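Participant: dropping a prediction and its sequence here:
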Amino acid sequence: MNRRLAIIVAGALLLAAGIAVGGFRFSANAVASELDLARADLAAAEKAVANGDADVAAEAIESAASHASAAVAGSTGPLWTVSSALPVVGATPTAVQVTAAALDDALASLAPAIRAIVAVGAGEVLGGGRGVAMEPYESALPALQTAQEQVGAAFDALAMAPSPASGDLVTAKVEKSRVDVARQLRAIDDELTARLVYTRIVPSLLGADRPQSHLLMVLDPTLARGTGGVPTVWALLDADGGQMSVSEVGPADGLPALNSWPPGVDAQVRKHYGKAALQPTGMNLTPDHPTAAQLWARTWRDQTGARPDAVLSIDIPALGDLLTASGRKVRLPDGTLIVPPPAVDGTESGDGTESGAPGALAAAPGALVAIPASGQRLTGEEFTEYLLDGVHRAYPLESQAAERLKATQDVVEAALIRVTRSTQGEDLAAALTAQIAEGRILAWAGDTETQANIATTQLAGSLDVGRGPHVDVATIADDEL
């Protein structure tokens, strides 16, 4: 009798488990569909953020949050409790529940922060010719910090979730959702971290709390140096309340050489580069921008008695791209302009005329020709070509070095003034982002906290990677790394 009762009970339990598993599979499929919809909305929000469209981003996040909440609601209740308690197969419902909860928590923090995320990346903060508006950065900081913490916690929770049991299409769909959500949360966490760092850096460098002075080194990439080119011109930039202006410009080789190494310079740098790196045009022989910046800061202090708040560098092509983005042109000091090289007879030249036609500019490739006053202005591309080539053709002799340097300084100063006064906020923001990503604009700050934030970004140009070994183990399985 007892044996029969035990068999009946066992059969009932197996039947209940089977019903639970069957019901779970149906429910899990619906939850996975909700997760797919939430992920699609989240991807749309990311695209809207990249485009600077706050309204579309907020709407997409709201929709994603509703689907994530539906996934959480759909993965709770007695059926899920029983299913998750079962051996082996219980890993699948647990994975679904953790995935839904992680995405729901992340979206709950992103909803109030999404407009702040867009605000600190929007071109409007650079527009109007009034510098950078500080208010968006100040108001964005709390929301960004909360969102970054909660998204990071959600990603960590998801990473600890068990993998679903393998075997059928439902579990495969659940696993795909889990992996895709983890990938999206990691990308969002990285983006939030970057925005948070820049939200802390920008106000500091632009004098939100107090007026600051920054030394900018303009580099010529045709002459190689570790950080991108030999310094040709320095500029002193004044920053106050978000507005940056050009205070003074001078020749890089006019700065004094150092008689000794400042404290803190790595022994390998001193040994490898020697006295050449104590010259102002050789201080960036090292590819480590923080080291070069501190050397330039020291030589500036020796010359002026004042230490710059930050040392920046930009190469000539990057400055030309910023000039293009500003929508402005610069006037050449000597009334000359580079023209396109002549084309083959009968074909169209770069100036819009036929090379064999009357009025065509019969100049050698890269030559300089006088043009009417109305045309004595350079676009960003022409600015770059002039400084990298044309100015040397205009003043080719060693005896003309002073004139060549003066022309370079004048054109660089004009470009910097136009960029800092630009009203083309969105274009300028996009150009700045692109040049920073390419390592053409670097920064170092004397303030410890600001420099710590810079050190985590592409602005740093730092070789400080800490002690090794820098090797990790990669596992390859099922065609995935």
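Facilitator: Okay, I see it.

Participant: what's downstream of the least confident helix or strand in the chain by mean pLDDT, the next helix or strand?
Facilitator: Sorted by mean pLDDT, DSSP states H and E, the helices and strands of the chain end with strand 368-370, the least confident at a mean of 41. Next in sequence after strand 368-370, counting helices and strands by DSSP states H and E, comes strand 377-378.

Participant: mind giving me the packing neighbours of that next one?
Facilitator: Contact here means 3 or more C-beta pairs under 8 Å, 6 or more residues apart in numbering; DSSP states H and E; on that basis strand 377-378 packs against strand 330-331. Glycine gets a C-beta too; all of them are placed from N, C-alpha and C.

Participant: could you give the separation of the strand it packs on from the chain centroid?
Facilitator: Centre-to-centre, strand 330-331 and its host chain are 30 Å apart (C-alpha atoms, centre = their mean, to the nearest Å).

Participant: so what are the sheet partners of that strand and their directions?
Facilitator: strand 377-378 (antiparallel) (DSSP bridges).

Participant: starting from the strand it pairs with, tell me the next helix or strand along the chain.
Facilitator: From strand 377-378, the next helix or strand downstream (DSSP H and E) is helix 380-385.

Participant: quick one: mean pLDDT for the strand ranked longest in the chain?
Facilitator: Criterion DSSP state E: the longest strand present in the chain is strand 230-240. Mean per-residue pLDDT for strand 230-240: 91.

Participant: between the helix or strand that comes right after that strand and strand 230-240, how big is the angle?
Facilitator: Remark: after strand 230-240, the chain's next helix or strand is strand 243-251, criterion DSSP H and E. Here the directions of strand 243-251 and strand 230-240 differ by 150 degrees (axes from the mean of the first three to the mean of the last three C-alpha atoms, to 10 degrees).

Participant: for strand 243-251, packing partners?
Facilitator: Strand 243-251 packs on strand 230-240, helix 401-420, going by 3+ C-beta pairs under 8 Å, 6+ apart.

Participant: in it, what's buried?
Facilitator: 243, 244, 246, 249, 251 (16 or more other C-beta atoms under 10 Å).

Participant: which residues does the second one bridge with?
Facilitator: Read it as residue 244. With DSSP bridges as the rule, residue 244 is bridged to residue 239.

Participant: tell me the pLDDT of the residue nearest to residue 388 when sequence neighbours are not counted.
Facilitator: Spatial nearest neighbour of residue 388, excluding adjacent residues (C-beta to C-beta, 6 or more residues apart in numbering): residue 222 at 5.5 Å. Confidence at residue 222, expressed as pLDDT, is 86.

Participant: burial check on residue 222, number of neighbours?
Facilitator: 13 (other C-beta atoms under 10 Å).

Participant: and the longest strand of the chain, how far out from the chain middle?
Facilitator: 22 Å.

Participant: cool, and stretch 377-389?
Facilitator: So, by C-alpha atoms, centre = their mean, the centroid of stretch 377-389 is 26 Å from its chain's centroid.

Participant: same question, stretch 397-405
Facilitator: That offset, for stretch 397-405, works out to 39 Å (C-alpha atoms, centre = their mean).

Participant: try stretch 103-118
Facilitator: Counting by C-alpha atoms, centre = their mean, stretch 103-118 comes out at 20 Å from the chain centroid.

Participant: follow-up on the earlier one: which stretch of helix or strand covers the residue nearest to residue 388?
Facilitator: Per DSSP H and E, there is no helix or strand for residue 222.
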